[in-house]
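Peer 1: sharing a sequence plus its predicted fold:
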Amino acid sequence: MAGPLLALQDSPSLSTPSDGLRTVLDTLPAGVAWLRELRIQYCNAPFAAMLGYAAQDLVGRSSRAWHADDAQWAEVERRCAAALKSGQVFDADLTLQRQDGSALRCHARVQAQNAGRPEAGMVWLLTDVGLAPDPADALQRQVLLLQQQVAQYAESASRAWRQADIDELTSLPNRTLLARDATQAIAQAHAGSKPLAMLYLDLDRFKYVNDSLGHRIGDQLLAALAKRLRSAVRERDLVARLGGDEFMLVLPDTDVHGAAHVADKLMASTEPVYDIAQRELSISSSIGIAMYPQDGEDFDTLTQRADAAVHQAKRNGGSAYRFFTPAMQSEAARALAMENALRRALERQQFTLAFQPMVDLRSGHVSGVEALLRWRHPELGNVSPAEFIPLAEACGLIDTLGEWALRNAAFQLKAWRDRGLPGLTMAVNLSAMQLQQTQLPALIDDVLREAGLVPSDLELELTEGAAMQDPQHAIAVLQALHERGLRVSIDDFGTGHSSLSYLKRFRAYKLKIDQSFVRDISVDADDRAIVAAIIHMASSLGLQTIAEGVETEAQLRFLRQQGCDEAQGYLFSRPLSATQLEAFVRDLQQP
Ligand SMILES: Nc1nc2c(ncn2[C@@H]2O[C@H](COP(=O)(O)O[C@H]3[C@@H](O)[C@H](n4cnc5c(=O)[nH]c(N)nc54)O[C@@H]3COP(=O)(O)O)[C@@H](O)[C@H]2O)c(=O)[nH]1
């Protein structure tokens, strides 16, 4: 007996044993069954026979089938759960009920698959006490021996099962187990005409935790998060890790209101600070929700739709939840096509830079230029940076793309200098994610050195929203940039929520007034008041101001009256190619 049992210990999937394993299990003089959530996933022939069933008739049935009544069932399950949850084996003499109603006196030995977590699965081992009434009987001794062997087998089998179905890092079910359990939950929702919600949770900017602090800390954060997610929901809700920083929750009997409530709860439980390796880490999450039955009727469709919804949440800046809508499907298809195209765009040299002049309002000279990324794809056409920058952020390409823009802008400035164009500065946009890179200051040092420029040649534009995403981190990076002599301007100023104290700590030297305020200054008194207030506040804090999106003489007049330092917009010039920009500057220099 020991030979075949040992040989079977590595069987990868024991909820559906191989034919060979089934044969051996069926020859045991003891009943063996695997249960999850009190339902039989597999049982051998002796287990079914003891209870008067055919094995296939028991699969999928609840353990209630072999108890005389609900009260006895509840009592046995209560004792069993108590033992298993405390990490023990449940050993008991029981009187169960056969299918024909007769009593079965037996000994049950029940073990959790995963110590302390019976809900992840348990192994039942039944021996028919009636088989050997005399304890001195040789058959009884053989049964006891077999019982021990089977118990050992069950333990190593459960280890193998655990490896196959349970995520090692978080001890949560993995995608394979989730697919099985979710399919069962969907079938139950269908049978009971109940709703069910699937929530796809993805951490925001987790890549930067791994990149900046290392995978070990990233792993600890994921393990801590898994515990928070598990304890934020009901026992019968499924929580699984799909891989990386992606988790899936399946909530039976949950409608849209319930799903929204749980999504809020999950986001709130993700956010409090994590104490890991003497560091305080914070992270937020985005959630996509798909509802059964309206968004899909099977696991794969619901997963795909929850995935489309979480992508939408991320494209909108993250830290939010979104319900799936049919429009997301076509957006997801376009986003996927674009993501694939974006991954190849750099090597295929589809990016260029356009340059828009920034004009000094006192002298009327071009004081600098802003480098703006352009992507022309053979099929997708000209794609706006407003569309592809968030996508590059979401799919982890922004660092490479941002570095490309920075390097090319710096080398272009040097090329103009070499062609005798006077002291322009080059403004380059930084995305929120680039600011998370701890190596950003060193990268800028390298680029400046390679291009033969000095820090004051470069201006870094950072949106107010980006700086405010993680103000403490932004302060540290911006301080490092400031110490190198780099100047940082706060882009789209007025649209974020920075306080005056942050402006000082960000070491900003210029505020760029958002074009949404500039657009209506000739017609809207509120916008006039806002723009005037920004200019005067900046001036009293010793900061420069530049207005973007200036299109009319009336706007320019107002900005001049208020003392705005610089302006940029179609009134002066649209973004130009490098050659056009050079001609534009030279024209303006003509007496
Ligand atoms: N992280 C990075 N972000 C970048 C980079 N390149 C661009 N961007 C950001 O994408 C957003 C859209 O940019 P774009 O389509 O280039 O639009 C810019 C100007 O073309 C436009 N503009 C300029 N003047 C006018 C005007 O008079 N009227 C009008 N309607 N639009 C005008 O405004 C955009 C200016 O952008 P900014 O000054 O940065 O706010 C935009 O948010 C870019 O920042 C990149 O390399 N990295």
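Peer 2: Yep, it's here.
Peer 1: and the residue most central in space within the chain, which helix or strand is it part of?
Peer 2: The chain has residue 202 as the residue nearest its centroid, 1.8 Å off, counting by C-alpha atoms, centre = their mean. If you go by DSSP states H and E, residue 202 is part of strand 196-203.
Peer 1: what sits against residue 518?
Peer 2: The neighbours of residue 518, taking C-beta atoms under 8 Å, 6 or more residues apart in numbering as the test, are 527, 531, 547-550, 555, 559, 569. To be clear about C-beta, it is placed using only N, CA and C from the backbone, and glycine gets the same treatment.
Peer 1: looking at these, which are in helices?
Peer 2: If you go by DSSP state H, the contacts of residue 518 have 527, 531, 555, 559 in helices.
Peer 1: return only those of those residues found close to the ligand.
Peer 2: Among the ones in helices among the contacts of residue 518, proximity to the ligand is found for none (C-beta under 6 Å from any ligand atom).
Peer 1: what's the closest of these to the ligand?
Peer 2: Checking the ones in helices among the contacts of residue 518 against the ligand by C-beta to the nearest ligand atom gives residue 555 as the nearest, at 9.2 Å.
Peer 1: nearest spatial neighbour of the closest one, skipping sequence neighbours?
Peer 2: residue 521 (5.5 Å; C-beta to C-beta, 6 or more residues apart in numbering).
Peer 1: wait, a strand at the one you found?
Peer 2: No - counting by DSSP: H, G, I helix; E, B strand; the rest coil, residue 521 is not found in a strand; it is coil.
Peer 1: parallel or antiparallel, list what pairs with the longest strand along the chain.
Peer 2: Ordering each strand of the chain by length in residues (DSSP state E) puts strand 366-377 first. Strand 366-377 sits in its sheet next to strand 351-360 (antiparallel), strand 381-383 (antiparallel), strand 425-430 (parallel), going by DSSP bridges.
Peer 1: quick check: which of those strands is nearest to the ligand?
Peer 2: Using C-beta to the nearest ligand atom, the nearest of the strands paired with strand 366-377 to the ligand is strand 425-430, at 3.5 Å.
Peer 1: mind listing the residues bridging to the residue nearest to the centre of the chain?
Peer 2: Under the criterion used (DSSP bridges), residue 202 bridges to residue 246, residue 286.
Peer 1: and residue 427, by the same measure?
Peer 2: For residue 427, the beta-bridge partners under DSSP bridges are residue 370, residue 459.
Peer 1: can you list the buried residues in stretch 490-506?
Peer 2: Within stretch 490-506, the residues scored as buried using 16 or more other C-beta atoms under 10 Å are 490-494, 496, 498, 502-503, 505-506.
Peer 1: do it and the ligand meet?
Peer 2: Yes - using C-beta under 6 Å from any ligand atom, stretch 490-506 reaches the ligand at 491-492.
Peer 1: wait, what's in contact with the residue nearest to residue 455 when sequence neighbours are not counted?
Peer 2: Nearest residue to residue 455, sequence neighbours excluded (C-beta to C-beta, 6+ apart): residue 485, at 3.7 Å. Taking C-beta under 8 Å, 6+ apart, we find residue 485 in contact with 454-456.
Peer 1: same question for residue 183.
Peer 2: Counting by C-beta under 8 Å, 6+ apart, residue 183 has contacts 298-299.
Peer 1: now swap in the one 5 residues further on and tell me
Peer 2: Applying C-beta under 8 Å, 6+ apart to residue 188 gives the contacts 194, 252.
Peer 1: that one: which element?
Peer 2: Using DSSP H and E, residue 188 falls within helix 175-191.
Peer 1: can I get the contacts of residue 485 in CSV including neighbour count and distance to residue 31?
Peer 2: Putting those into CSV (neighbours: other C-beta atoms under 10 Å; distance: C-beta to C-beta, whole Å) gives the following:
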residue, neighbour count, distance to residue 31
454, 11, 81
455, 17, 77
456, 11, 81
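Peer 1: from the residues you listed, which is closest to residue 114?
Peer 2: Using C-beta to C-beta, residue 455 is the member of the contacts of residue 485 that lies nearest residue 114, at 56.1 Å.
Peer 1: and for the residue nearest to residue 109 when sequence neighbours are not counted, the neighbour number?
Peer 2: Distance criterion C-beta to C-beta, 6+ apart; nearest residue to residue 109, sequence neighbours excluded, is residue 125 at 4.5 Å. If you count neighbours by other C-beta atoms under 10 Å, residue 125 ends up with 24.
Peer 1: tell me if residue 250 really is in a strand.
Peer 2: Yes - assigned with three-state DSSP, residue 250 falls within a strand.
Peer 1: show me the contacts for the closest residue to residue 260 other than its chain neighbours.
Peer 2: Excluding its sequence neighbours, the residue lying closest to residue 260 (C-beta to C-beta, 6+ apart) is residue 321, at 7.2 Å. Residues near residue 321 by C-beta under 8 Å, 6+ apart: 199, 260, 263-264, 267, 286-289, 313.
Peer 1: pull the helix or strand with minimum mean pLDDT from the chain.
Peer 2: Every helix and strand of the chain was ranked by mean pLDDT, DSSP states H and E. The lowest is helix 2-7, at a mean of 29.
Peer 1: whatever helix or strand residue 518 lives in: which residues count as buried?
Peer 2: Using DSSP H and E, residue 518 falls within helix 515-519. Using 16+ other C-beta under 10 Å as the test for burial, helix 515-519 gives 515, 517-519.
Peer 1: also stretch 530-546?
Peer 2: 530-532, 534-535, 538, 543-546.
Peer 1: with stretch 463-479 instead?
Peer 2: Neighbour-count burial for stretch 463-479 [16+ other C-beta under 10 Å]: 463-471, 473-475, 477-478.
Peer 1: same question for stretch 217-228.
Peer 2: Across stretch 217-228, burial judged by 16+ other C-beta under 10 Å covers 217-218, 220-223, 225-226.
Peer 1: so residue 277 touches residue 219, yeah?
Peer 2: No - between residue 277 and residue 219 there is no contact under C-beta atoms under 8 Å: 10.9 Å.
Peer 1: can you give me the domain assignment for the protein?
Peer 2: Residue ranges for each domain of the chain read 25-132, 175-329, 346-589, as given by the TED database.
Peer 1: all the helices of the stretch 101-250 of the chain, in order from the start?
Peer 2: Taking DSSP state H, counting those that start in this stretch, the helices of the stretch 101-250 of the chain run over residues 138-165, 175-191, 206-213, 215-232.
Peer 1: and the second one, average pLDDT?
Peer 2: Taken as a whole, helix 175-191 has an average pLDDT of 93.
Peer 1: please enumerate the strands of the stretch 251-400 of the chain.
Peer 2: For the stretch 251-400 of the chain, the strands defined by DSSP state E, counting those that start in this stretch cover 274-276, 279-281, 285-292, 321-323, 351-360, 366-377, 381-383.
Peer 1: so which of these gets nearest residue 52?
Peer 2: strand 285-292 (36.0 Å).
Peer 1: count of neighbours near the residue of the stretch 151-300 of the chain found nearest the ligand?
Peer 2: Residue nearest to the ligand within the stretch 151-300 of the chain (C-beta to the nearest ligand atom): residue 205, separated by 14.8 Å. The local packing of residue 205 (other C-beta under 10 Å) involves 21 other residues.
Peer 1: now residue 241
Peer 2: Using other C-beta under 10 Å, residue 241 has 26 neighbouring residues.
Peer 1: so for the helix or strand that contains residue 480, what's the average pLDDT?
Peer 2: According to DSSP H and E, residue 480 maps onto helix 471-483. Average pLDDT, helix 471-483: 87.
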